[in-house]
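Turn this into a model:
(one chain, ligands or ions: 1)
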Amino acid sequence: MSFNLEEIISKYRKFEIRSPYPIYVLFVFILCYWWRSTKLKNPSGLPVIGRRWYELGNGKARQRIRDDCLGIVRSCLAKYGDAFYLYTDSRYRLILSGKYVDMLRNEKRLDFITALADKLVNGVHGFEPMLSMTSDEKILHAVTKHSLNRHLGTFVEPLNEESDYTVRQVWTDEPEYHEVMLKDSVWKMFGQIMSRTFINDEDFYRNPEWVNASSEYVELSALAGYELRAFPRWAKRWVAPFLPNCRKLQSLFKHINTLLEPLKEKLEGKNLEIDSKSPLSFLHQKLDGQPDALASMLIALCLVSYDGGGELFTHVLHSVFTNDQLICDLRSEIVNVVGDKGFNKNTLQGLILMDSVLKEAMRMHPESVLLMQRIALEEVVLPDGLIIPKGTPLLVSGCHIIDDTIWPDGDKFDGYRFFNLRQKADSSINQAAYNFTSTSPDHFGFGHGSQACPGRFFASYMQKILLCHVLMKYDISVTIPKEGAWFQRGYTHVAHPGLKAQVRRRKEEIIL
Ligand code: HEM
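So this is what the prediction gives:
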């Protein structure tokens, strides 16, 4: 049979829709799509804020949240009260006010990991670490609780050594002021320190290729994930190959796998005893029979630990290094407390002003203005009668943490805030409530209750040791971009990558 293109084209030229039925079908299809996307289980009859009645699809509602999530949440809390549904980046979520933090704290039927998986796992190549992060086996949990938390003391010396090494690498010993990009520097430092913590194998943890690739992954995955969240679940796989950041992420993850191949071979050959003091050996044993998951798990550990940690440390630097008195007081605290004793559990606990600075930076700059993400595994009725149907995704507003509803002058950074509260508190008050690692309904940057961040104790050690090195060894003058030190990306609070600093090596008063 011969193939005649001309004939086929002329046939289609003559094609015209004679019957109105296809138009009707299309209309019914659009109506069904519209109806499905507004369908919401709402047994408590809460206000629903998102798409306006005349809008087709959720694109505009999504854009509004992307442009001004904080403003929208604040105005909805004022207008509708403590609970409402809001269309966030890809679906309607139940938003609760801070009033609910304590009611949710130990509610296991409202699950964090399921919510994280719902947000991050997308089946797209390159995003495999998100799957590891949210696996049912809770391997990251186990590494954090059994390896890091149980042996915190054994990490002090490696953290000290690596902080010393990385600040010199990134900011050099140059005694003249030179310009650096603040966030980029912090990312490099965190990459190095976490590499030492999690891998602690000399052939690898100082390999700049792995260190750079892992920190690049953390940054790029946040951006690529954010772009993908604009698409419905079924479409993500199809659009990903056309998004440059997704393509970059995919090849970066392939590169990371290749880089870690010799480490896997070494581990396989070693027949390791389980040593819970070493996160790598602990992880390797837990992954018995799935060595290919090693790269994915290591990156997942980087994601949970220095995505939040690196952001926080950047905020600490721009907040501290714009206040000469605070710099001076922090330096004398380090000299007095750490002095010639060096770092240990007691001296780290004794850095009370520094603890206050970290807590205040986290108060003003939580990872997100909507925290405690959860999904209801079954229907939950809260003590005040609010019904949360099975499958409902929810978030709790942290607006009251960052403004002056609870904290006087709460929209201003005050590094002495928790230090002063501790000094003023009478003996009946538990002073531990002011610790950086303590959580409460008025300060839940680490979450609150049974699902709160288990890595916060390690994070506290790491932030303090690194900050001591930075304060003792460098003079820093920070330049804040004209748009401000941070911005909102949807509901995520992001330290501005354009933050710059002039840094120069100074002579430290004590050897750390
Ligand atoms: C300053 C640094 C950090 C910040 C700001 C942070 C923040 C958080 C937050 C907000 C949560 C969710 C809690 C909730 O919704 O109730 C979380 C969970 C978690 N974090 Fe962290 N984190 C930090 C450091 C770390 C480190 C160093 C590790 C371990 C290496 C870690 C491991 C985890 C794990 C495993 C979870 C999941 C908890 C669960 O499933 O119940 N985090 N973190």
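
for this structure, which spans come out with low pLDDT?
Along the chain, segments meeting pLDDT under 70 span 1-18, 33-38, 271-274, 289.

ok, which residues in the stretch 401-512 of the chain are in contact with the ligand?
Contact residues, the stretch 401-512 of the chain versus the ligand (C-beta under 6 Å from any ligand atom): 445-447, 451-456, 458-459. Yep, even glycine has a C-beta here, placed from its N, CA and C like the rest.

Widest-spaced pair of those?
Greatest spacing in these, by C-beta to C-beta: Gln451 and Phe458 (17.2 Å).

quick revisit: can you add secondary structure and neighbour count and give the residues of the stretch 401-512 of the chain next to the ligand back as a markdown table?
Shown next, in a markdown table, are those (DSSP: H, G, I helix; E, B strand; the rest coil; neighbours: other C-beta atoms under 10 Å):
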| residue | secondary structure | neighbour count |
| --- | --- | --- |
| Gly445 | strand | 26 |
| Phe446 | coil | 21 |
| Gly447 | strand | 22 |
| Gln451 | helix | 21 |
| Ala452 | coil | 17 |
| Cys453 | coil | 21 |
| Pro454 | coil | 18 |
| Gly455 | coil | 21 |
| Arg456 | helix | 22 |
| Phe458 | helix | 22 |
| Ala459 | helix | 22 |
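
between those residues, which is closest to Gly153?
Nearest to Gly153 among those: Phe458, at 11.2 Å, using C-beta to C-beta.

Does that closest one touch Ser147 like I think?
No - counting by C-beta atoms under 8 Å, Phe458 stays clear of Ser147, with 9.7 Å between them.

which residue ranges form the strands in the stretch 301-450 of the chain?
370-376, 380-381, 387-388, 393-397 (DSSP state E, counting those that start in this stretch).

To the ligand, which of these lies closest?
Across the strands of the stretch 301-450 of the chain, the ligand has its closest neighbour in strand 370-376 (4.5 Å, C-beta to the nearest ligand atom).

what's the closest one packed up against?
Strand 370-376 is packed against helix 101-104, strand 110-111, helix 112-120, strand 393-397, with contacts defined by 3 or more C-beta pairs under 8 Å, 6 or more residues apart in numbering; DSSP states H and E.

ok, for Arg196, nearest residue in space, not its chain neighbours?
Glu162 (4.2 Å; C-beta to C-beta, 6 or more residues apart in numbering).

which residues does Tyr461 contact?
Neighbour list for Tyr461: 152, 155-156, 159, 348 [criterion: C-beta atoms under 8 Å, 6 or more residues apart in numbering].

make it 6 Å
Leu348 (C-beta atoms under 6 Å, 6 or more residues apart in numbering).

on that earlier part again, dump the helices and strands packed on strand 370-376 to JSON lines, plus distance to the ligand and mean neighbour count.
Below are the helices and strands packed on strand 370-376 laid out as JSON lines (distance: least, C-beta to the nearest ligand atom, whole Å; neighbours: other C-beta atoms under 10 Å):
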{"stretch": "helix 101-104", "distance to the ligand": "9", "mean neighbour count": "19"}
{"stretch": "strand 110-111", "distance to the ligand": "8", "mean neighbour count": "22"}
{"stretch": "helix 112-120", "distance to the ligand": "5", "mean neighbour count": "18"}
{"stretch": "strand 393-397", "distance to the ligand": "9", "mean neighbour count": "22"}
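
Val470 is nearest to which of these?
helix 112-120 (31.1 Å).

who does the closest one touch, helix- and strand-wise?
strand 370-376 (3 or more C-beta pairs under 6 Å, 6 or more residues apart in numbering; DSSP states H and E).

go again using 10 Å as the cut-off
helix 128-133, helix 208-228, strand 370-376, strand 393-397 (3 or more C-beta pairs under 10 Å, 6 or more residues apart in numbering; DSSP states H and E).

which residues touch whatever residue of the stretch 251-400 of the chain ends up closest to the ligand?
Across the stretch 251-400 of the chain, the shortest distance to the ligand (C-beta to the nearest ligand atom) belongs to Gly308, at 3.0 Å. By C-beta atoms under 10 Å, 6 or more residues apart in numbering, the residues touching Gly308 are 362, 366-368, 445-446, 453, 455-456, 459.

Go again with 6 Å.
Gly308 makes contact with Glu367, according to C-beta under 6 Å, 6+ apart.

measure it to Val180 for me?
Going from Gly308 to Val180 by C-beta to C-beta, to the nearest Å gives 22 Å.

Next: Leu243.
With distances taken as C-beta to C-beta, Leu243 is found 30 Å from Val180.

before we move on, what about Asn149?
Taken as C-beta to C-beta, the span from Asn149 to Val180 is 33 Å.

How about Thr322?
Distance from Thr322 to Val180, by C-beta to C-beta: 16 Å.

which of these two has more neighbours?
Val180 (19 against 16; other C-beta atoms under 10 Å).

any idea which helix or strand carries that one?
If you go by DSSP states H and E, Val180 is part of strand 178-181.

Who are the packing partners of that strand?
Against strand 178-181 (3+ C-beta pairs under 6 Å, 6+ apart) you get strand 500-505.

same thing but 10 Å
Secondary-structure packing of strand 178-181 (3+ C-beta pairs under 10 Å, 6+ apart): helix 156-171, helix 182-198, strand 474-479, strand 500-505.

Report the inter-axis angle for the first one versus helix 182-198.
With axes from the mean of the first three to the mean of the last three C-alpha atoms, to 10 degrees defining the directions, helix 156-171 sits at 150 degrees from helix 182-198.

could you say what helices and strands helix 156-171 packs with?
Checking 3+ C-beta pairs under 10 Å, 6+ apart, helix 156-171 ends up next to strand 178-181, helix 182-198, helix 202-205, helix 208-228, helix 345-350, helix 456-473, strand 474-479, strand 500-505.

If anything else comes up later, I'll come back, but that's it for now.
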